[in-house]
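In: Next input, structure requested:
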Amino acid sequence: MTLITRRATLGALVSVILVRPAKAETLFMNGMGYAIAGYDPVAYFEVEEAIKGSLDHELVTDEGTWLFSRVEYLELFEENPERYTPQFGGFDAEGMARGFKRRSDPTLWVLIDGKVYLHYSIIDQNRWAEDIRGNIRAAEENWEKLKTY
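Out: Have a look, this model is predicted:
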């Protein structure tokens with residue numbers, strides 16, 4: 001009887017997991033649930049540095065939780081989140097150009113035409129820089145397909 005109950009419970013769990021649609025990952029979050037691993041997205045623009053955000057300046061959105069280093073940056077983000085959100089939801093720009101989603105290192109970034117692009121590693125950032133415009137185009141096309149996965 002116990003074995004059947006365990007099997008039934010396991011079967012029900014597996015069916016719920018397989019049938020339930022997964023939430024699309026449109027924003028790179030770390031294991032703690034912070035967007036772009038807790039880095040301040042506005043700091044890339046305002047001080048041109050990758051700065052860790054503070055739990056004192058937290059903003060919860062439908063996509064995830066953002067941290068900011070200053071309350072003024074949180075307010076700027078609230079006014080215009082599209083401007084400050086890194087491209088491809090903060091996923092690695094080079095990986096996106098190659099057709100896959102992967103986490104990024106928010107300390108590896110570039111600002112091009114008023115947009116922030118994050119990268120996975122220095123090697124990948126350098127490979128991406130060999131054809132910036134072509135890689136941006138490819139990544140934008142791939143993002144349209146990959147953002148819903």
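
In: roughly how far out does the helix or strand containing Leu76 sit from the chain middle?
Out: Using DSSP states H and E, Leu76 sits in helix 71-79. Its chain's average C-alpha position is 19 Å from that of helix 71-79, according to Cα atoms, centre = their mean, to the nearest Å.

In: Please parse the chain into its domains.
Out: Under the assignment automatic domain parsing, the domains of the chain span 26-84, 86-149.

In: In a markdown table, list those domains along with mean neighbour count and mean pLDDT.
Out: Yep, even glycine has a C-beta here, placed from its N, CA and C like the rest. Below are the domains of the chain laid out as a markdown table (neighbours: other Cβ atoms under 10 Å; pLDDT from 0 to 100):
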| stretch | mean neighbour count | mean pLDDT |
| --- | --- | --- |
| domain 26-84 | 17 | 96 |
| domain 86-149 | 18 | 96 |
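
In: tell me, what residue is most central in this structure?
Out: With distances taken as Cα atoms, centre = their mean, the chain has Phe28 as the residue nearest its mean C-alpha position (2.0 Å).
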